[in-house]
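give me the fold of what follows.
(2 chains)
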Amino acid sequence: MSPLGPPRPMADPITDFFWEAASRRELHIQRCQSCGTFIHLPRPICRSCHSFDLAGEPVSGRGTLYSFSETHKAFHPFFVDRVPYLIAVVDLVEQPGLRLHTNLVGIDEPDVRFGMEVEVDFEALDAELTIPVFRPAGAAA
Amino acid sequence: MSATTGRRVAIVGVGYSDVGRNTGRSERHHAAQAAVRALDDAGLEAADVDGASTWGGDAIDFAHMLGMGPLSWHLNVSVSPAFITPAVHAVMAVATGACETAMAFRLMMQQPSSAQLSSGAAQLGAPSVVDANFLYPFGNFSPTQWAGLLMNRYLHESDATEEHFAEFASIQREYATRNPDALQTDPLTPAEFLEKPYITKPLRILDCDYPCDSGAAVIFTTEERARDLKAPVVLVEAQSLSAISDMNFELLPDMVHTSPAHCSEQLWARTDLGPDDIDTAHLYDGFSVITFQWLEALGLCDPGQAGPFIAAGNTKQDGSVPLNTDGGAVNVGRRHGANFCIEATRQLRGECGDRQVDGAEVSVWANAVGPFSGAMLLRKG
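Residues are numbered from 1 along each chain as shown, chains lettered A, B, ... in the order given. Below you'll find the model as predicted:
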């Protein structure tokens, strides 16, 4: 593993909740406290009702796979020993079009199918950073 | 422009710098080379130019360096659909009378390679927006990665196959062998394409444009003034810019029908011409799937059929829609959209030598994909 460690999210008052939840192995998504719309990526205002009253809330972690791609080249020292790996885009069940960028784990690329059901899991990249990843629904970790 | 208010605008001068890999020359040097060649092509003096726009560097700096001015209009653009943004705004500046003659620039210096990035020899800049928080920890840094996501979804929804992308690359290279400006000129068979490694499966290295240092400049002025200049007149018939979502390509609501669909609809609504009138097409190939999306979005082939359409030979020089006749950015290098404008102009002037499409009178060029894009329709004056 690279001595540099993984790339870390910048501290930011609007997005810190996501990483704090992930460190507890929970998936939280920003939600408008006025109209209930989930918003991802996090923003300072609700796209639907223009409320500024927004907060992270837990979601089920269930979704379907919209697209995926297997990365074969490393673009950062931390990932040199990790290629090939799957990046993926998942639609969460909570709301149509609530889409999340993530990694797909626990499956080989040729077996991946568009629209397959997936569920959240968590991977500790090191002691300080845990990320939400997805694996095929029902598959044991 | 028809269906648009204002004065009719023409392209009167085009120029490139000495484009190449790691040239060692500065951005200003590339801007200066491109500008003097565009001025020479137009038969204009720097003092004749009273408007300037650029993506890359600073239009005011370039204008002063070249002895232009005073400028009546200027614009520095950043993240936007490649060269077409400074170009579209230059057309609007001339059309409205904000200036008489505008030069639009695109400067693009070579980006670090994956080898440099993975070894730590080069690093990505600190993320300027917190949105990168949701990409970098997942190992997503490179535009090749969103392109892999878009291409995979496109393969899933359309009739295209990886073999069709191989045919596309081979046909583009064939054009490049007839273009003295091209950097890649060895013939390429579809089988050779398929032997190249994946970068972000299903995307291979030759699905990507070719990194280089490049400068390009295009001069726009009124039709009236263009008639007095030396080059055959090329008119802007219509143009369109579109933005449908923010810059997170990974989260596009529909990765197959992105902003080129909206952009094309708007373009065709602004002209009496239609897809059947196109003699040559010059469609962005920063990643090959982008060209496939544009062919369908502009109605140059049926939805989902760009792959079979290309494999059937329709985009070759003697086909129904000669496409990227300079060889595309995968072969002429990452000139970031300017090459499509310049090649379309040269086709309409009849200057393309062995790759000239006989009787070319109407051409379309288009840039970018996903969140934003732009297209411009040109015709022989």
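
list the buried ones in stretch A:84-98?
Neighbour counts using 16 or more other CB atoms under 10 Å in any protein chain shown place A:85-92, A:95, A:98 of stretch A:84-98 among the buried residues. The way it works is simple: take the backbone N, C-alpha and C, and place the C-beta from them, glycine included.

going by distance to B:Q239, which of those wins?
Using CB to CB, A:V89 comes nearest to B:Q239 of those, at 31.9 Å.

quick one: the helix or strand hosting the closest one near chain B?
Using DSSP states H and E, the element containing A:V89 is strand A:85-92. Yes - Strand A:85-92 lies within reach of chain B by CB under 8 Å from any CB of the partner chain, at A:85, A:87, A:89.

surely the second one meets A:F68?
Yes - taking contacts as CB atoms under 8 Å, A:I87 lies within contact range of A:F68: 6.8 Å.

quickly list what's touching both of the two.
The contact sets of A:I87 and A:F68 overlap at A:104, B:149 (CB atoms under 8 Å, 6 or more residues apart in numbering or on different chains).

around chain A, pick out the residues from the stretch 151-300 of chain B.
Selection of the stretch 151-300 of chain B residues close to chain A by CB under 8 Å from any CB yields B:151-153, B:156, B:197-203, B:248, B:250-251, B:253, B:255.

10 Å - rerun?
B:151-157, B:197-205, B:246, B:248-256 (CB under 10 Å from any CB of the partner chain).

which of these are buried, as a ChimeraX select command?
Here is the ChimeraX command that selects the buried residues among those (16+ other CB under 10 Å):
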select /B:151,152,153,154,155,156,198,199,200,201,202,203,204,205,248,249,250,251,252,255,256
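
which ones among the residues of the stretch 151-300 of chain B next to chain A map onto helices?
Secondary structure defined by DSSP state H assigns B:151-157 of these to helices.

residue contacts, the closest residue to chain B within chain A?
Nearest residue of chain A to chain B: A:S69, at 3.1 Å (CB to the nearest CB). A:S69 makes contact with A:86-89, A:104, A:109, A:112, B:140, B:144-153, B:198-203, B:250, according to CB atoms under 10 Å, 6 or more residues apart in numbering or on different chains.

what segments of chain B are helices?
All helices of chain B, identified by DSSP H, fall at B:27-42, B:59-66, B:84-96, B:114-119, B:143-157, B:162-176, B:190-195, B:223-226, B:259-269, B:288-297, B:306-311, B:329-332, B:338-349.

let me fix that: chain A
According to DSSP H, chain A carries its helices in the segments A:16-23.

outline the domain layout of it.
Annotated domains of chain A cover A:11-59, A:60-141 [automatic domain parsing].

which of these sits most buried?
For those, average neighbour numbers computed from mean count of other CB atoms under 10 Å in any protein chain shown are highest in domain A:60-141, which has a mean of 18.

distance from that domain to the middle of the chain?
Taking the mean of its C-alpha atoms, domain A:60-141 sits 7 Å from the chain's own mean (CA atoms, centre = their mean, to the nearest Å).

for the residue positioned nearest the centre of chain A, which residues make a bridge with it?
Nearest to the geometric centre of chain A sits A:T102, at 4.2 Å (CA atoms, centre = their mean). Taking DSSP bridges as the rule, A:T102 bridges to A:A88.

where does the stretch 101-250 of chain B get nearest to chain A, which residue?
Counting by CB to the nearest CB, the stretch 101-250 of chain B gets nearest to chain A through B:G148 (3.1 Å).

so that residue is in contact with A:Y85, correct?
No - in this structure, B:G148 is not within contact of A:Y85 by CB atoms under 10 Å, at 11.9 Å.

overlap of the contact sets of the two?
Shared contacts of B:G148 and A:Y85, defined by CB under 10 Å, 6+ apart, are found at A:70-72.

which residues touch B:D285?
B:168-169, B:172, B:207-209, B:291-292, B:294, B:323-324, B:327-332, B:339-340 are the contacts of B:D285 under CB under 10 Å, 6+ apart.

show the backbone phi and psi for the nearest residue to it once chain neighbours are set aside.
Ranked by CB to CB, 6 or more residues apart in numbering or on different chains and with sequence neighbours excluded, the top spatial neighbour of B:D285 is B:G328, at 4.2 Å. Phi and psi for B:G328, reported as degrees, to the nearest 10, are phi 80, psi 170.

against chain A, how distant is B:G328?
22 Å (CB to the nearest CB, to the nearest Å).

show me the shaky parts of the chain.
With no chain named, the answer covers chain A. A:1-3, A:140-141 (pLDDT under 70).

oops, I was thinking of chain B
Confidence mapping of chain B against pLDDT under 70 gives the ranges B:1-4, B:124-129.

can you list the domains in it?
Domain ranges of chain B: B:1-111+B:211-231, B:142-210+B:239-381, per automatic domain parsing.

now the ones you listed in TSV, with distance to A:V80?
Shown next, in TSV, are those (distance: least, CB to CB, whole Å):
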stretch	distance to A:V80
domain B:1-111+B:211-231	19
domain B:142-210+B:239-381	14
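
could you give the angle of the longest strand along chain A to helix B:143-157?
Counting residues, the longest strand found in chain A (DSSP state E) is strand A:62-71. Relative orientation of strand A:62-71 with respect to helix B:143-157: 120 degrees, computed using axes from the mean of the first three to the mean of the last three CA atoms, to 10 degrees.

adjacent strands (with direction) for strand A:62-71?
Paired strands of strand A:62-71, with direction, are strand A:85-92 (antiparallel), strand A:117-124 (antiparallel), strand B:198-201 (antiparallel) (DSSP bridges).
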